[in-house]
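J.: Structure here, sequence nowhere to be found:
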């Protein structure tokens, strides 16, 4: 038998307590507190699954209780639903700011309270499952790292001390030198010693010198991977880790380090990265199938979509034209408790003022010329669902007044009707304008703004997430109809797509890609990058997958940036907006060495 979820109800009003207990006690184990202090003790001692918290309490307000619960490690993860008789957007905003997940106003509707409690319990369960998956991944990665460390500890390797010179003259080397290189230690340390650099592949020597010199200048440890030629003539990858030794006057006098066989560890590393990528994609899969991207700005967007879906408050989606505001709005709907209701999209800028009431409130048969049948308006179509108001800033002030009364619970009367219709749509609006500026200029009513602007979501423009462009191209190419003769995605084309800033965002990218694939012409802004006349036809190009084309572009692009920066890794990493370790991993993966 499954254990019941526990709920802590905090309210000093006997009538409210009686209503809540009556509604909840059949399905949940209940705890009751009438003061803030009692609630804090109950939460600490019993750790309920969810808390229903009244704002007005005799000893402290609910906001203070919530803040203290959030500060405590034991209770910080408990979802808190505020309950209040005050229907004030500012108070709602404060409730979410201190850590609440929902806000319910009195008098209660039994079905609404039950639905919200169930929703947040389900979301809590989902978060716990994700946390478990995260822990599993962490343990797997830790185990892989442990295996890697064990492997490294048992490999034959070279412990050494070297002079500070360009040829890397060795003062001493361990016995592992023979097993790793085929040469005895005396080959590099005897009277007629050979330079260790002499067995390093010539192409790798410059990068080794630069890497070690840079680290020693900064007095940092260094690590580099390169190839050596064994006595047998074979080539092997090795990993070197070292540090400079300094005397009392802070002068560098020697280098000590360890050189090991990197072949197995590199294989292991690539396996871990691939496994981590697969697990990460599985964790992201539940967010959305239509929103493409795994960059950090998109991760933040996915998180906001889930947070917005977990409440029933109105949402405003901000984003430039072409960023996908309707996709994000639909994702909020699809992940909310209203998923079984209608998602009704409305382009506010396309609704004429004289048809506003008919479109939003509906009309009765015979209400005006052409009204040959009853018609439900947008609000009624979205009852218990989501009404998506695109281009919200285009609604006139008169339209705002009419719409505000309807969504505040006052209801509306269809054109030609006599009765008042009450509906419960959730408003998800979208705009590319600054609504607060519209309020300041008088174009938007402040009460309408605060009714809509409860949960804001900001969509990043494409220029701030260029890391996602190859994924977007792959996504759109799967969407487009397959044709035998399409222009290829060459390094030049991919480079142009990544370099461009895309003022029209995703929509502009999609149109430019479609035009290029089918016409062989690539026009970005006012510049024609590739014309149809000199585009290379597909039948004369080698056939390859998009993954290989992207990898080929990435390798060539990194080489181009390295050359522009005279092979200085720090400057190149800064130009590419990635950290140094990521750049080194990509250079190893693509076998990039200094020319």
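T.: Alright, I've got the coordinates. Everything numeric here is computed off the predicted structure, so don't read it as measured data.
J.: which ones are touching residue 37?
T.: Residues in contact with residue 37 (CB atoms under 8 Å, 6 or more residues apart in numbering) are 59-60. Placement of C-beta: from N, CA and C, glycine included.
J.: And the pLDDT for it?
T.: pLDDT, residue 37: 92.
J.: And the strands in the stretch 251-400 of the chain?
T.: 252-261, 315-318, 343-347, 386-390 (DSSP state E, counting those that start in this stretch).
J.: Quick check: buried residues in the third one?
T.: When neighbours are counted by 16 or more other CB atoms under 10 Å, the buried residues of strand 343-347 are found to be 343-346.
J.: count of residues packed around residue 527?
T.: The tally of other residues near residue 527 (other CB atoms under 10 Å) stands at 9.
J.: Setting aside sequence neighbours, what's the nearest residue to residue 189?
T.: residue 170 (5.1 Å; CB to CB, 6 or more residues apart in numbering).
J.: thinking again about what came up before, rank the strands of the stretch 251-400 of the chain by pLDDT, which is bottom?
T.: Lowest mean pLDDT of these: strand 252-261, a mean of 90.
J.: Run through this protein and note the low-pLDDT ranges.
T.: For the chain, residues meeting the criterion pLDDT under 70 lie at 1-2, 145, 148-156, 265-289, 481-486, 531-546, 595.
J.: ok, back up a step: turn the strands of the stretch 251-400 of the chain into CSV, including distance to residue 223.
T.: Formatted as CSV, those follow (distance: least, CB to CB, whole Å):
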stretch, distance to residue 223
strand 252-261, 9
strand 315-318, 44
strand 343-347, 52
strand 386-390, 52
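J.: right, and those - which one's nearest residue 6?
T.: Among these, the nearest to residue 6 by CB to CB is strand 315-318 (30.2 Å).
J.: Verify the contact between residue 487 and residue 520 for me.
T.: Yes. Using CB atoms under 8 Å, residue 487 is in contact with residue 520, at 4.4 Å.
J.: Residue 330 - how many residues pack around it?
T.: By the criterion of other CB under 10 Å, residue 330 has 19 neighbours.
J.: thought it was touching residue 343?
T.: Yes. Between residue 330 and residue 343 there is a contact at 5.8 Å, judged by CB under 8 Å.
J.: Farthest out from the centre of this protein, which residue is that? Tell me.
T.: No residue in the chain sits farther from the centre than residue 191, which is 59.7 Å out by CA atoms, centre = their mean.
J.: Between the strands of the stretch 251-400 of the chain, which one is closest to residue 591.
T.: Ranking the strands of the stretch 251-400 of the chain by proximity to residue 591 (CB to CB) places strand 252-261 first, at 18.0 Å.
J.: which strands and helices sit next to the closest one?
T.: Applying 3 or more CB pairs under 8 Å, 6 or more residues apart in numbering; DSSP states H and E, we find strand 252-261 packed against strand 157-162, helix 176-181, helix 202-218, strand 235-246.
J.: mind redoing it with 6 Å?
T.: With contacts taken as 3 or more CB pairs under 6 Å, 6 or more residues apart in numbering; DSSP states H and E, strand 252-261 sits against strand 157-162, strand 235-246.
J.: can you give me the helices for the stretch 401-550 of the chain?
T.: Assigned by DSSP state H, counting those that start in this stretch, the stretch 401-550 of the chain shows helices spanning 435-441, 446-452, 469-479, 491-499, 505-519, 546-564.
J.: Do me a favour and get the end-to-end distance for stretch 337-351?
T.: End-to-end distance for stretch 337-351: 29 Å, by CA to CA, to the nearest Å.
J.: Show me the one of the helices of the stretch 401-550 of the chain that comes nearest residue 96.
T.: Here helix 446-452 is closest among these (CB to CB), at 13.6 Å.
J.: in the closest one, what counts as buried?
T.: For helix 446-452, burial by neighbour count (16+ other CB under 10 Å) applies to 448-452.
J.: Check stretch 300-315 too.
T.: 301-302, 304-315.
J.: In a markdown table: the residues you listed, plus distance to residue 139.
T.: Below are the buried residues of stretch 300-315 laid out as a markdown table (distance: CB to CB, whole Å):
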| residue | distance to residue 139 |
| --- | --- |
| 301 | 29 |
| 302 | 24 |
| 304 | 29 |
| 305 | 28 |
| 306 | 25 |
| 307 | 28 |
| 308 | 32 |
| 309 | 30 |
| 310 | 28 |
| 311 | 33 |
| 312 | 37 |
| 313 | 37 |
| 314 | 41 |
| 315 | 37 |
